[in-house]
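> Whatever this is, show me its structure:
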Amino acid sequence: MTRTFALAVAPNGARRTHADHAALPVTPAELGQAAKACLDAGAAMLHLHVRRPDATHSLEVGDYEAGIAAVKQAVGDQLVLQVTTEAVGIYTPGQQIATVHALRPEAISVALREVLPDAAHEAAAEAFFAWMWCERIVAQYILYDAADVAHYWRLRAKGAISPGRHWVLFVLGRYSAGQRSSPADLLPFLQAWRDGAAGAGVTPDPASSIGGDATPWAMCAFGPRESECALTAVLFGGHARVGFENNLYLPDGSLAADNAASLRAVAEAAAPLALRPMSANALRELTA
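Residues are numbered from 1 along each chain as shown. Predicted coordinates for the structure are as follows:
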């Protein structure tokens with residue numbers, strides 16, 4: 001029996017440019033072209049970063065509207081379009097939240113440590129989480145280490161993050177030397193997930209392979225072992241995000257031609273194990 005998993009693409013990130021790879025999408029037109037190629041390669045979701053005219057990172061509404069329009073023109077609703085709120089040391093938590101309020105996108109990603117860095121930001125962040133849940137905006141909470149996982153479960157225990165309408169992303173290798181991850185880097189996240197769920201009093205879902213409730217989880221991984229990490233996550237019952245934001249190389253060490261090639265590497269490795277990428281609509285059902 002074939003099992004499906006969500007395969008997401010992060011095609012550009014906030015920092016890389018054409019100087020890093022000629023096929024890295026920067027302009028709205030390039031984002032649209034990349035979206036179509038990635039859809040054909042098995043992606044269910046596109047993690048969207050947009051840029052200013054000088055190619056630097058932007059959370060400005062106008063820049064987002066142009067990028068979103070280009071992707072929608074290319075693929076319609078065949079990809080879940082996830083807007084990033086990454087600060088990159090430029091935007092405050094208030095500005096991150098304001099961008100989401102203005103755009104009201106289908107989905108966003110938000111790092112707990114950015115939007116809720118200390119107690120002074122607690123009320124605003126928790127109001128933001130509640131607003132998204134009510135507006136049916138699917139949040140993906142980005143967790144960089146075991147401490148972030150524990151923080152997530154504390155928020156769940158106090159009701160600041162409600163069950164459903166969200167998922168989480170474990171980031172492998174973000175703070176390691178050279179940002180090079182390995183499949184073993186996933187294990188501390190899975191242990192912290194089990195421990196956090198137990199501490200929050202969550203009754204384990206029998207369908208969960210790692211303990212806790214039915215909240216979906218995914219991972220992204222820095223460095224050339226990205227595909228190995230992705231396949232490991234899928235085998236554990238999770239989902240995967242790959243792309244040029246985190247890695248430019250294929251499993252054999254060669255430079256990937258484009259983001260679609262990175263997606264195909266994961267899909268092709270998963271296929272003999274009766275694992276295949278799901279559609280955008282299946283991902284929408286999973287995170288509803």
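> Tell me the spatial nearest neighbour of Val234, not counting adjacent residues.
Phe5 (4.7 Å; C-beta to C-beta, 6 or more residues apart in numbering). Backbone N, C-alpha and C define where each C-beta goes, glycine included.
> contacting residues around that neighbour?
Residues in contact with Phe5 (C-beta atoms under 8 Å, 6 or more residues apart in numbering) are 234, 238-240, 270, 275-278.
> 10 Å instead?
By C-beta atoms under 10 Å, 6 or more residues apart in numbering, Phe5 lies in contact with 42, 44, 216, 218, 230-231, 233-235, 237-240, 266-267, 270, 275-278, 282-283, 286.
> Equivalent analysis for Asp63, please.
28, 49-53, 57, 99.
> Against His21, how distant is it?
Separation of Asp63 from His21 (C-beta to C-beta, to the nearest Å) stands at 21 Å.
> any low-confidence regions in the chain?
Within the chain, the segments meeting pLDDT under 70 span 175-177.
> where exactly do the strands run in it?
3-5, 7-9, 45-48, 50-51, 57-58, 80-84, 107-111, 138-143, 166-172, 217-221, 239-242, 275-277 (DSSP state E).
> so which of those gets nearest Thr92?
strand 107-111 (13.3 Å; C-beta to C-beta).
> mind listing what's buried in that closest one?
Going by neighbour count (16 or more other C-beta atoms under 10 Å), the buried part of strand 107-111 is 107-111.
> Serialize those to CSV and add fields for distance to Cys134.
Listed next are these as CSV, based on distance: C-beta to C-beta, whole Å:
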residue, distance to Cys134
Ala107, 15
Ile108, 14
Ser109, 19
Val110, 16
Ala111, 21
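> And stretch 249-259, end to end?
By C-alpha to C-alpha, to the nearest Å, the extent of stretch 249-259 from end to end equals 10 Å.
> Please report the distance of the nearest residue to Ala221 once chain neighbours are set aside from Val110.
Excluding the flanking residues, the one nearest Ala221 by C-beta to C-beta, 6+ apart is Cys229, at 3.6 Å. Taking C-beta to C-beta as the measure, Cys229 falls 22 Å from Val110.
> Can you lay out the strands of the chain as TSV showing distance to Asp205?
Shown next, in TSV, are these (distance: least, C-beta to C-beta, whole Å):
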stretch	distance to Asp205
strand 3-5	16
strand 7-9	22
strand 45-48	23
strand 50-51	36
strand 57-58	37
strand 80-84	23
strand 107-111	22
strand 138-143	18
strand 166-172	14
strand 217-221	12
strand 239-242	16
strand 275-277	20
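> where do the helices sit along the stretch 51-200 of the chain?
In the stretch 51-200 of the chain, the helices defined using DSSP state H, counting those that start in this stretch lie at 61-75, 93-103, 112-115, 122-135, 146-157, 186-199.
> so Ala8 bridges to which residues?
Met45, Arg241 (DSSP bridges).
> Is it in contact with Ala41, as I believe?
No - with contact defined as C-beta atoms under 10 Å, Ala8 does not count as touching Ala41 (11.7 Å).
> what touches both of those two?
263, 277.
> Which one of these two is surrounded by more residues?
The neighbour comparison of Ala8 against Ala41 (other C-beta atoms under 10 Å) goes to Ala8, with 27 against 21.
> For Glu30, see how far away the more buried one is.
Computed as C-beta to C-beta, the Ala8 to Glu30 distance reads 18 Å.
> Repeat that for Asp118.
To Glu30, Asp118 is 37 Å away according to C-beta to C-beta.
> Compare neighbour counts for the two and give me the winner.
Neighbour count, other C-beta under 10 Å: between Asp118 and Glu30, Glu30 has more, with 18 against 8.
> who's in contact with the more buried one?
Going by C-beta under 10 Å, 6+ apart, Glu30 touches 11-12, 18, 23-24, 51, 67, 70.
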